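A.B. asks: No sequence on hand, only this structure:
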């Protein structure tokens with residue numbers, strides 16, 4: 001992992017959602033590493049690689065799947081979400097953003113009422129919300145960001 005400068009408060013709130021999800025590592029995040037690496041790979045392959053992949057598939061059958069790969073690569077390279085705080089959350093029915101704005105807290109884990117009984121999260125995220133909130137509370141947002149940057153976004 002390359003050295004990254006310490007994040008300022010604005011960067012912390014851009015990269016970490018109020019619930020503690022790491023927006024910066026999401027496949028849909030604009031400027032995130034998944035989008036950036038996908039764009040770099042697409043540029044390296046260039047727009048005319050498909051005929052070469054077809055020809056080379058005789059030597060390596062995996063290249064026969066290049067059209068599907070190119071479609072997936074294009075999707076990964078198109079990330080445009082600006083993060084939860086900009087209204088871009090992909091989870092749809094999440095109520096955490098509005099709650100954090102109403103309570104004037106940047107992260108649930110820093111709320112005096114954390115953990116609350118009704119976080120307004122989609123089903124299946126409550127356990128991660130609790131874990132991330134505790135880490136945010138104990139270590140602070142900057143240390144939390146360094147922790148999530150050092151591990152896979154999709155474990």
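C.D. replies: That came in fine, so what should we check first? Just so you know, these numbers come straight off a predicted model, no measurement behind them.

A.B. asks: going forward, measure contacts and count neighbours with C-alpha atoms only.
C.D. replies: OK.

A.B. asks: show me the contacts for the residue nearest the centre of the chain.
C.D. replies: Closest to where the C-alpha atoms of the chain average out (Cα atoms, centre = their mean) is residue 26, at 1.8 Å. Contacts of residue 26 were listed using Cα atoms under 8 Å, 6 or more residues apart in numbering, and they are 32, 34, 153.

A.B. asks: Got a quick ChimeraX command for the buried subset of the residues you listed?
C.D. replies: The buried subset of these, as determined by 16 or more other Cα atoms under 10 Å, is captured in ChimeraX by this line:
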select :32,34
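
A.B. asks: For residue 65, see how far away the residue of the chain most remote from its centre is.
C.D. replies: Among the C-alpha atoms of the chain, the one most distant from their mean position (Cα atoms, centre = their mean) is that of residue 58, at 36.9 Å. Counting by Cα to Cα, to the nearest Å, the separation of residue 58 from residue 65 is 12 Å.

A.B. asks: For the host helix or strand of residue 101, give me every contacting residue.
C.D. replies: Under the criterion of DSSP states H and E, residue 101 resides in helix 96-103. Contacts with helix 96-103, where a contact means Cα under 8 Å, 6+ apart, come from 17-19, 84-85, 106-108, 111, 119-121.

A.B. asks: Relative to residue 134, which of these is nearest.
C.D. replies: residue 108 (9.2 Å; Cα to Cα).

A.B. asks: wait, the closest one sits on residue 19?
C.D. replies: Yes. Here residue 108 lies in contact with residue 19, judged by Cα atoms under 8 Å, at a distance of 5.6 Å.

A.B. asks: Need the residues touching each of these two.
C.D. replies: Taking Cα under 8 Å, 6+ apart as the criterion, residue 108 and residue 19 both touch 96, 133.

A.B. asks: Tabulate the contacts of helix 96-103 (TSV), appending distance to residue 77 and neighbour count.
C.D. replies: Conversion of those to TSV gives the following (distance: Cα to Cα, whole Å; neighbours: other Cα atoms under 10 Å):
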residue	distance to residue 77	neighbour count
17	22	22
18	25	25
19	26	27
84	19	24
85	22	19
106	29	21
107	29	24
108	31	28
111	35	16
119	32	18
120	31	17
121	28	17
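
A.B. asks: ok, of the residues you listed, which one's closest to residue 129?
C.D. replies: Of all these, the one sitting nearest residue 129 is residue 19; the distance, using Cα to Cα, is 5.8 Å.
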